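**Student:** whatever this is, show me its structure:
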Amino acid sequence: MGISLVQASGAAGAAEGKLAAAHRALLHARGLQLDFKGAPPQPPTPKWLLDLGKALAEFGPVLKFVFWGGLALGAALIVVFIIRELLASRARKVAKPTARVDWRPEEAVARALLESADRLSAEGQYGEAIHLLLYRSIDDLVGRRPGVVRPALTSRDIAALDAMPAGPRGAFARIAERVERSFFGGRAADAADFAAARADYEAFAFAEAWS
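**Tutor:** The predicted structure follows:
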């Protein structure tokens, strides 16, 4: 069973008619723009924006210097901040008290020790008086600098400590030598030995070298 040419031709004509009707309806649809020959005109640039552009163009060189000047100023401030922190850190290190100040005996304690030694000397006990000056000094150093002067150290070990200033260290060493001569060397101390040891103790306890 086939379709005749007349029927096929009629069907094609009906389809073309529907397409043409749809095209006409599309052309007359509201709100739909089909003509793109020209774009709508742009609104004019506001006058204040034009004036601003002209002002920026006139001050362009100045703004360039301002920009680079601000950048240089910021870099300079960073350098100044770093230098200030370095100087402050160095100043804090310098301001820290040295160990030498802490080693110096208290004046009241030193004078009381001298009075005790003088009493022994007045009784003729010169060796005991020198011995008292030495061992009281060691006890004082151990109490003040326990991390440096330990009880196990001998008087010679203490006299060799580099942390102690040269002047007080020499005076302490001379007192220790006199004690060694009288107690371990078999040589009795006399009034002259005590006078010298007393002067050395004053140089040790009251020396300005501590500060």
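
**Student:** which SSE is immediately downstream of the worst-scoring helix or strand of the chain on mean pLDDT?
**Tutor:** Counting by mean pLDDT, DSSP states H and E, the weakest-scoring helix or strand in the chain turns out to be helix 99-103, with a mean of 51. The helix or strand immediately downstream of helix 99-103 is helix 107-122, counting by DSSP states H and E.

**Student:** what separates the residue sitting nearest the centre point of the chain from residue 46, distance-wise?
**Tutor:** Closest residue to the average C-alpha location of the chain: residue 89 at 6.3 Å, with C-alpha atoms, centre = their mean. Separation of residue 89 from residue 46 (C-beta to C-beta, to the nearest Å) stands at 57 Å. Quick note: C-beta positions are derived from backbone N, CA and C, even for glycine.

**Student:** likewise residue 154?
**Tutor:** To residue 46, residue 154 is 96 Å away according to C-beta to C-beta.

**Student:** same deal with residue 75?
**Tutor:** 39 Å.

**Student:** with residue 150 instead?
**Tutor:** 88 Å.

**Student:** for residue 106, same thing?
**Tutor:** According to C-beta to C-beta, residue 106 and residue 46 sit 86 Å apart.

**Student:** also residue 165?
**Tutor:** 83 Å.

**Student:** more crowded one of those two?
**Tutor:** A count of neighbours by other C-beta atoms under 10 Å puts residue 165 above the other of residue 165 and residue 46, at 19 against 9.

**Student:** give me the pLDDT value at that one.
**Tutor:** Residue 165 carries a pLDDT value of 78.

**Student:** list phi and psi for it.
**Tutor:** When read as degrees, to the nearest 10, the backbone of residue 165 gives phi -60, psi 150.

**Student:** what's the burial count for residue 18?
**Tutor:** For residue 18, the neighbour count with other C-beta under 10 Å is 9.

**Student:** please apply the same query to residue 158.
**Tutor:** Residue neighbour count, defined by other C-beta under 10 Å, stands at 22 for residue 158.

**Student:** appreciated, that's everything.
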